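> kindly generate the corresponding structure for this input.
(chains A and B)
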Amino acid sequence: EAGVVQSPRYKIIEKKQPVAFWCNPISGHNTLYWYRQNLGQGPELLIRYENEEAVDDSQLPKDRFSAERLKGVDSTLKIQPAELGDSAVYLCAVPVRGANTGELFFGEGSRLTVL
Amino acid sequence: AQKITQTQPGMFVQEKEAVTLDCTYDTSDQSYGLFWYKQPSSGEMIFLIYQGSYDEQNATEGRYSLNFQKARKSANLVISASQLGDSAMYFCAMREKQTGANNLFFGTGTRLTVIP
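Predicted coordinates for the structure are as follows:
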C-alpha cells in the first residue's frame, strides 16, 4: 500500500516571492522523492530522501531551492525566490511496498504558476 | 544523452483498435527496469506496466503489453482494444541499478487521443 498527500494542489505567486510545498507519505516510507514536471515534459528528479537524509540532490537548484524531511516522514520543498521558469508541477513519490520492481507511487502534485 | 526517448509527441487511434507507443532507452547498465505510466488530464501518474532487463518474456497487464526488444533498446507499449478513457499522456521511464534506489528517468511523453 502507498499513499501520498500533497498540498497545496495549486499555487499562483508573483516572481521573487517564496513558496513551499508539503508532502505526506501517509503509509510511512523510508524513501521519498521530489520530482518537477515542466509543461509538456516528463517528470525530472529533484531530490531523493532516505529517512531524513538527502542522498541524491544533484539536480536540485541549490541557489533557490531547499528541501527538508526532519523526522523522516513529511517533507517540504521550498523555493525562494521563485522565478518565472519555476512554473511547473511538483510531484512527490514513494516506492510501492511489496513491489520489487522499483515502481513509484506519485501524489497528485502541486501546480505552481509564477507570474 | 537522453536516457529515454519518445519520438511520438502525439498519437491518434480509433476506439477498439490497437496502438503502439514507442520508447527507446540508453544505458550501459546490465540491470535495469522499464516502466510505463499514464497521466490523464487530472494530472496523477498511474503505473501501467513494468519490464525487467532480465525478463525473457514481454510483460502484459490486461490490455497493456510491453514489446521489449533488448538488442534494439526499445520498450514499446501496446494498448489493445483502445477505449475513450485511454486518452492521456503516456510516459516511458527507466530505473538503472547503478544510479541508486528507484530513481526513475522519464521520457517526454506521448499524448494519445482515442477517437470515437
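
> roughly how far apart are A:F21 and chain B?
14 Å (C-beta to the nearest C-beta, to the nearest Å). Heads up, the C-betas are built off the backbone N, CA and C, glycines and all.

> pretty sure that residue sits against A:V4.
No. Contact status for A:F21 versus A:V4: not in contact, 12.0 Å apart, counting by C-beta atoms under 8 Å.

> overlap in contacts of these two?
Taking C-beta atoms under 8 Å, 6 or more residues apart in numbering or on different chains as the contact criterion, the common neighbours of A:F21 and A:V4 are A:C92.

> around B:L77, count how many other residues there are.
The number of residues packed near B:L77 is 26, by other C-beta atoms under 10 Å in any protein chain shown.

> mind listing what it touches?
B:20-21, B:23, B:36, B:48-49, B:64-67, B:90, B:92 are the contacts of B:L77 under C-beta under 8 Å, 6+ apart.

> please apply the same query to B:R72.
Counting by C-beta under 8 Å, 6+ apart, B:R72 touches B:T24.

> I'd like to know how far it sits from B:D22.
Remark: distance between B:R72 and B:D22 (C-beta to C-beta, to the nearest Å) = 11 Å.

> cool, and A:G3?
Distance of A:G3 to B:D22, given as C-beta to C-beta: 32 Å.

> out of those two, which sits in the busier spot?
Comparing A:G3 with B:D22 by neighbour count (other C-beta under 10 Å), the higher total belongs to B:D22, at 17 against 13.

> what is the residue most central in space within chain A paired to in the beta sheet?
With distances taken as C-alpha atoms, centre = their mean, A:W34 lies nearest the centre of chain A, 3.0 Å away. Beta-bridge pairing for A:W34 (DSSP bridges): A:I47, A:C92.

> name the nearest residue to B:L84, sequence neighbours excluded.
Sequence neighbours aside, B:V114 is the residue nearest to B:L84 in space, at 5.2 Å (criterion: C-beta to C-beta, 6 or more residues apart in numbering or on different chains).

> ok and the residue in chain A nearest chain B?
The nearest approach of chain A to chain B comes at A:G42, 3.0 Å away (C-beta to the nearest C-beta).

> hang on, B:F68 packs against B:A75?
Yes. Counting by C-beta under 8 Å, B:A75 is a contact partner of B:F68 at 5.4 Å.

> shared neighbours, the two?
Common neighbours of B:F68 and B:A75, using C-beta under 8 Å, 6+ apart, are B:34, B:51.

> show me which of these two is the more surrounded one.
Higher neighbour count among B:F68 and B:A75: B:A75, with 28 against 19, using other C-beta under 10 Å.

> just the element for the more buried one, please.
Using DSSP states H and E, B:A75 maps to strand B:74-79.

> residues in chain A within reach of chain B, list them.
Chain A has residues A:31, A:33, A:40-45, A:48, A:50, A:55-56, A:89, A:91, A:93, A:95-96, A:101-106, A:108-109, A:111 near chain B, with proximity defined as C-beta under 8 Å from any C-beta of the partner chain.

> chain B against chain A: which residues are in contact?
Residues of chain B lying close to chain A (C-beta under 8 Å from any C-beta) are B:4, B:33, B:35, B:42-45, B:47, B:50, B:52, B:91, B:93, B:95, B:100-109.

> mean confidence (pLDDT) on stretch A:69-79, please.
For stretch A:69-79, mean pLDDT is 92.

> shouldn't the residue nearest to the centre of chain A be in contact with A:R69?
No. Between A:W34 and A:R69 there is no contact under C-beta under 8 Å: 9.7 Å.

> give me the sheet partners of the lowest-mean-pLDDT helix or strand in chain A and which way each runs.
Ranking every helix and strand in chain A by mean pLDDT, DSSP states H and E puts strand A:53-56 at the bottom, with a mean of 88. Applying DSSP bridges to the sheet, strand A:53-56 is found paired with strand A:44-50 (antiparallel).
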